[in-house]
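> Sequence plus the predicted model coming up.
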Amino acid sequence: MASSWTGERVRLRAIEPDDWTAFARFADDGRPEGRLDLPRSAESHRAWAKQQAVAEGDGDRFRLAVETTAGKELVGTVGSHRTGSCSGWFECDVMIGAEHRRRGYATEAMALLLRFMFAERRYHKCLAVIFARNEASLALMRRLGFTEEGRLREHVFFAGRHHDLVMMGLLADEFDRGRTTSGTR
């Protein structure tokens with residue numbers, strides 16, 4: 001492994017202005033099925049990518065591009081977007097484009113992010129909030145060692161009805177134990 005940001009399959013890197021075309025393709029992929037958002041223009045995707053590329057760091061809140069190590073193809077994003085630094089928690093998310101799913105990219109990107117936040121930033125806990133009907137994301141988090149901690153019933157409205165959100169959590173020592181027992185340290 002060349003750096004703490006590189007695994008076998010993926011590398012986490014800063015978002016570049018030219019990444020906008022991939023994000024435009026991913027625009028519909030990351031939305032829950034049936035969710036209707038306003039269409040975005042190509043210019044709005046360009047502006048977002050440029051803004052991400054020049055954004056100053058906001059403490060431990062950031063978004064990184066996930067690219068393949070083999071072909072250097074942008075396949076998604078991973079990020080830490082809410083933190084409670086006094087209490088030692090952070091919230092994370094991962095999005096992999098539909099055509100790149102089921103290849104282990106999300107698992108490895110999350111493991112790299114978790115390793116950084118737990119080992120380098122010394123956070124104690126990671127939270128993830130997932131739509132209850134998103135079985136693939138729930139399974140991913142369970143594989144990483146997350147535990148369901150609660151459910152916000154009918155918390156989000158889209159596609160004509162309310163949906164539950166599942167709160168999942170992972171403690172640093174649980175992540176360390178999982179890496180040791182699975183031999184992926």
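Alright, I've got the coordinates. Numbers count the residues shown, from 1 in each chain.
> Give me the residues contacting the helix or strand hosting Ala49.
Element membership for Ala49, per DSSP states H and E: helix 42-54. The contact list for helix 42-54 (C-beta atoms under 8 Å, 6 or more residues apart in numbering) reads 14-21, 23-24, 27, 63. C-beta here means a position set from N, CA and C on the backbone, and glycine is covered the same way.
> Could you point out the helix or strand that follows that helix?
Where DSSP H and E defines the elements, the next helix or strand beyond helix 42-54 is strand 62-68.
> how big is the angle separating that next one from helix 42-54?
100 degrees (axes from the mean of the first three to the mean of the last three C-alpha atoms, to 10 degrees).
> so what does strand 62-68 touch, helix or strand wise?
In terms of contacts (3 or more C-beta pairs under 8 Å, 6 or more residues apart in numbering; DSSP states H and E), strand 62-68 is packed against strand 10-13, strand 74-84, helix 105-115.
> Now do the SS call for the nearest residue to Phe157 once chain neighbours are set aside.
In space, and not counting its chain neighbours, Phe157 is closest to His163: 7.5 Å by C-beta to C-beta, 6 or more residues apart in numbering. The three-state assignment at His163 reads strand, by DSSP: H, G, I helix; E, B strand; the rest coil.
> ok, His163 - how many residues close by?
By other C-beta atoms under 10 Å, 19 other residues sit near His163.
> Return the set of residues that bridge with it.
Val156 (DSSP bridges).
> wait, it sits on Arg153?
No: assessed by C-beta atoms under 8 Å, His163 is found out of contact with Arg153, at 9.4 Å.
> Contact partners for Val75?
Contacts of Val75 by C-beta under 8 Å, 6+ apart are 10, 66-68, 96-97, 100, 105.
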